[in-house]
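In: Quick check, what structure comes out for this input:
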Amino acid sequence: MEELLGGARSLGRALASEADVAALGLEGVPFSAVLALSTAFALDRADMGDIARSPASHPSRPLGEDWNEEAQTDLVARLSPAESVELLASVRVLAHARAVFGSDTEAGSWLRTVQPVLGGRRPIAVMATETGRQAVDDVLTRIEHGVFA
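Out: Numbering: from 1, shown residues only. Below you'll find the predicted structure:
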């Protein structure tokens, strides 16, 4: 998980345990980590809004119009705790997608592609809720075990 979020430098801390992940959720994920994640999977502002449950058009959001180089490394600017908890839950599914598809690029492509098994929706859009994240994770498990061609 730490690597997907840009590493300890981006996070301002190492994630050595679940307690560290929980603490990060309460502190708020730095915007620099959100940018690292969006870059790795080629996710746009709307996609990131889906998985962090934050409006992509809100000016204070990490991938808003005013996002600049300085903000990318700002360890002070953070998602809210509620957004952070949602994002961290989604990162677990993104890590699973990376493992199933072998790369961030392939995983990102799959996440952005309409999937009939998800009711004709894109997995990244389905991940806006815990139930949706579970549905995407279930599909990934099925793919991992060869249930889908």
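
In: Glu3 in helix, strand or coil?
Out: With DSSP: H, G, I helix; E, B strand; the rest coil as the basis, Glu3 sits in coil.

In: separation between it and Glu83?
Out: Distance of Glu3 to Glu83, given as C-beta to C-beta, to the nearest Å: 21 Å. Where C-beta positions appear, they are placed from N, C-alpha and C, glycine not excepted.

In: Which one of those two is surrounded by more residues?
Out: It is Glu83, of Glu3 and Glu83, that has more neighbours when counted by other C-beta atoms under 10 Å, with 21 against 13.

In: And the helices in this structure?
Out: For the chain, the helices defined by DSSP state H occupy 7-11, 18-27, 31-41, 45-52, 69-72, 81-101, 104-111, 123-126, 130-144.

In: can I get those helices in CSV with mean pLDDT and distance to Val117?
Out: Output for those, formatted as CSV (pLDDT from 0 to 100; distance: least, C-beta to C-beta, whole Å):
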stretch, mean pLDDT, distance to Val117
helix 7-11, 91, 33
helix 18-27, 94, 29
helix 31-41, 91, 20
helix 45-52, 82, 18
helix 69-72, 51, 35
helix 81-101, 94, 14
helix 104-111, 96, 12
helix 123-126, 94, 9
helix 130-144, 96, 6
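
In: Spatially central residue for the protein, please.
Out: Centroid-nearest residue in the chain: Val91, 4.4 Å away (criterion: C-alpha atoms, centre = their mean).

In: what comes up buried for stretch 108-119?
Out: Going by neighbour count (16 or more other C-beta atoms under 10 Å), the buried part of stretch 108-119 is 108, 110-112, 115, 118.

In: That'll do, ta.
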